[in-house]
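K.L.:
What follows is a predicted structure for the sequence shown.
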Amino acid sequence: MNWKHIRQARKARHMTQDQLARAIGTGQSYISALESGSQPNVTLDVLQRIAAAMGMVVRVELADPNEDASSPKEAA
């Protein structure tokens, strides 16, 4: 999974990794590992805490990996 969007959102809010880590109750090294992709297993709880700390929400989408995500969906 690509976590660049977390880094981009954090930087856009002028937050350091340490500030985000403190806000969600973890260490700066965890945020660093998450943003670099070396922390592959992240719980929904952690994502929700990160989102809340940055004034965002978590959106979960289930998708068929064989479908083109950019193609418009037909209404059922």
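P.N.:
Sure thing, it's come through.
K.L.:
for stretch 44-59, the distance to its chain's centre please.
P.N.:
7 Å (Cα atoms, centre = their mean, to the nearest Å).
K.L.:
the helices in this protein, which residues?
P.N.:
Ranges of helices in the chain, per DSSP state H, are 4-12, 17-24, 28-36, 44-53.
K.L.:
Please name whichever of the ones you listed is nearest to residue 67.
P.N.:
Nearest to residue 67, of all the helices of the chain, is helix 4-12, at 21.3 Å by Cβ to Cβ. The C-beta positions use only the backbone N, C-alpha and C, and glycine is treated the same way.
K.L.:
which strands and helices sit next to that closest one?
P.N.:
helix 28-36 (3 or more Cβ pairs under 8 Å, 6 or more residues apart in numbering; DSSP states H and E).
K.L.:
Repeat the analysis, applying 10 Å as the threshold.
P.N.:
For helix 4-12, the elements it packs on are helix 17-24, helix 28-36, helix 44-53, judged by 3 or more Cβ pairs under 10 Å, 6 or more residues apart in numbering; DSSP states H and E.
K.L.:
could I get those helices as CSV with mean neighbour count?
P.N.:
Putting these into CSV (neighbours: other Cβ atoms under 10 Å) gives the following:
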stretch, mean neighbour count
helix 17-24, 17
helix 28-36, 17
helix 44-53, 16
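K.L.:
could you dump those to CSV with mean pLDDT and distance to residue 11?
P.N.:
Output for the helices and strands packed on helix 4-12, formatted as CSV (pLDDT from 0 to 100; distance: least, Cβ to Cβ, whole Å):
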stretch, mean pLDDT, distance to residue 11
helix 17-24, 98, 10
helix 28-36, 95, 10
helix 44-53, 95, 14
